[in-house]
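Engineer: Pasting a predicted model and its sequence here:
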Amino acid sequence: MFVLGNLIYSVARLFDIVITLLYWIIIIRALVSWVNPDPFNPIVQFLQRTTEPILAPIRKAFRMQFWAIDISPIIAVFALIFLQSFLVRSLMDLASRLK
């Protein structure tokens, strides 16, 4: 059973790292958007390609077109914090019980 526990722990750590990276990429994109970046810059393109699949459904679900400020990054960050708190900790607890 300890092998399964180690596998689940490794998956939980991987989720933790991916969620943390997405968290920081979304924050960086939000900060960069305040300075009117060059859309042809490779870094800006990377940030948009990486975060748009997360932010577009949030914008669509909450219909934020009438607001002056886009709050989809805030909602995405809260969702990622929830996922990190719930999913990763649940997997780590499960892995510790299997050891």
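Structural biologist: Received it, and whenever you're ready, just let me know what you need. Numbering: from 1, shown residues only.

Engineer: looking at it, Val88 is touching Val18, isn't it?
Structural biologist: No. Between Val88 and Val18 there is no contact under Cβ atoms under 8 Å: 9.9 Å. Quick note: C-beta positions are derived from backbone N, CA and C, even for glycine.

Engineer: For the most centrally placed residue in the chain, which residues are in contact?
Structural biologist: What sits nearest the mean C-alpha location of the chain, by Cα atoms, centre = their mean, is Leu22, with 3.7 Å. With contact set as Cβ atoms under 8 Å, 6 or more residues apart in numbering, Leu22 has these partners: 50-51, 54, 80.

Engineer: Please repeat the previous calculation with a cut-off of 10 Å.
Structural biologist: By Cβ atoms under 10 Å, 6 or more residues apart in numbering, the contact set of Leu22 is 50-51, 54, 76-77, 79-80, 83-84.

Engineer: Now for these, which sits with the most neighbours around it?
Structural biologist: The residue in the contacts of Leu22 with the most neighbours, by other Cβ atoms under 10 Å, is Ala76 (22 neighbours).

Engineer: Please read off the pLDDT at that residue from the model.
Structural biologist: If you check Ala76, the pLDDT there is 96.
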